[in-house]
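>>> model the structure of this input:
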Amino acid sequence: MIAKVGWEICRDFYQMVLGQQGSDIDVVVGILRGGSLPATVVSHVLDKPVYWVKAKAYKGMRKHGVKFKNLDLHVSNLKGKKVLVCDDIFDTGDTILKTMKFVKEAMGAERVTGCVMITKNTAECEKNVIAWAQTCAPTTWIVFPWEKVDGERMESEVDDVQSN
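Numbering: from 1, shown residues only. Just a heads-up that it's a prediction; the model follows:
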């Protein structure tokens, strides 16, 4: 099933960040491309610097394993810092979990947590200290308002996504 998410996801995410993330964060890391909007929102809400990493687990709608490219991070930016890693969606968790591990182990961050706009797996998010704004069924393919499917903008909305 394909579900189009409306712009209210930004409002829900903003409120979740304000309510759960607090000011105990030094740096925000956004996972490009999907995490660019969430990371920008968090950076503004918490007034923290944002850095970018390009990690991709999908090609189109097919999963292919996480690949890191063009890292825009330097150890000096994250070493000893409390880092919040942001992405758009938690599906299997491969992208955000591997990015969080990279930031902790390779970049020397003191503490790493995560946040996503939508999760398909609340138990894994809770286990891995990842906050979320909305949930959906594991089999749902999410289309955000800024995305296209097969080159077309989605016209109809499916009510399969629920606020946290």
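>>> Thr135: what secondary structure?
State at Thr135, reduced to three classes by DSSP: H, G, I helix; E, B strand; the rest coil: strand.
>>> beta partners of it?
Beta-bridge partners recorded for Thr135 (DSSP bridges): Thr119, Gln162.
>>> do the same with Trp141
Here Trp141, judged by DSSP bridges, has bridge partners Ile2.
>>> can I assume it is in contact with Met1?
Yes - in this structure, Trp141 is within contact of Met1 by CB atoms under 8 Å, at 7.0 Å. (Glycine included, C-beta is placed from N, CA and C.)
>>> where along this protein do the strands fall?
With DSSP state E applied, the chain shows strands at 2-4, 27-32, 50-59, 62-72, 82-90, 111-119, 130-136, 141-143, 161-163, listed in chain order.
>>> now the fifth one: average pLDDT?
When you say that, I think you mean strand 82-90. Mean pLDDT, computed over strand 82-90, is 94.
>>> also the fourth one?
Throughout strand 62-72, pLDDT has a mean value of 57.
>>> how about Ile25, what does it touch?
42, 46, 48, 82-84, 113 (CB atoms under 8 Å, 6 or more residues apart in numbering).
>>> look at Trp141 and Met1 and report which has more neighbours.
More crowded of Trp141 and Met1, by other CB atoms under 10 Å: Trp141, with 14 against 10.
>>> centre-most residue in this structure?
Centroid-nearest residue in the chain, with CA atoms, centre = their mean: Asp87, separated by 1.2 Å.
>>> and Ala137, how far is that from Phe90?
Ala137 is 13 Å from Phe90, where distance means CB to CB, to the nearest Å.
>>> what's the answer for Leu18, then?
Using CB to CB, one gets 20 Å for the distance from Leu18 to Phe90.
>>> please apply the same query to Gln134.
Taken as CB to CB, the span from Gln134 to Phe90 is 11 Å.
>>> which of those two has more neighbours?
Per other CB under 10 Å, whichever of Gln134 and Phe90 has more neighbours is Phe90, with 25 against 20.
>>> identify the bridge partners of the more buried one.
Bridge pairing for Phe90 - DSSP bridges - gives Thr119.
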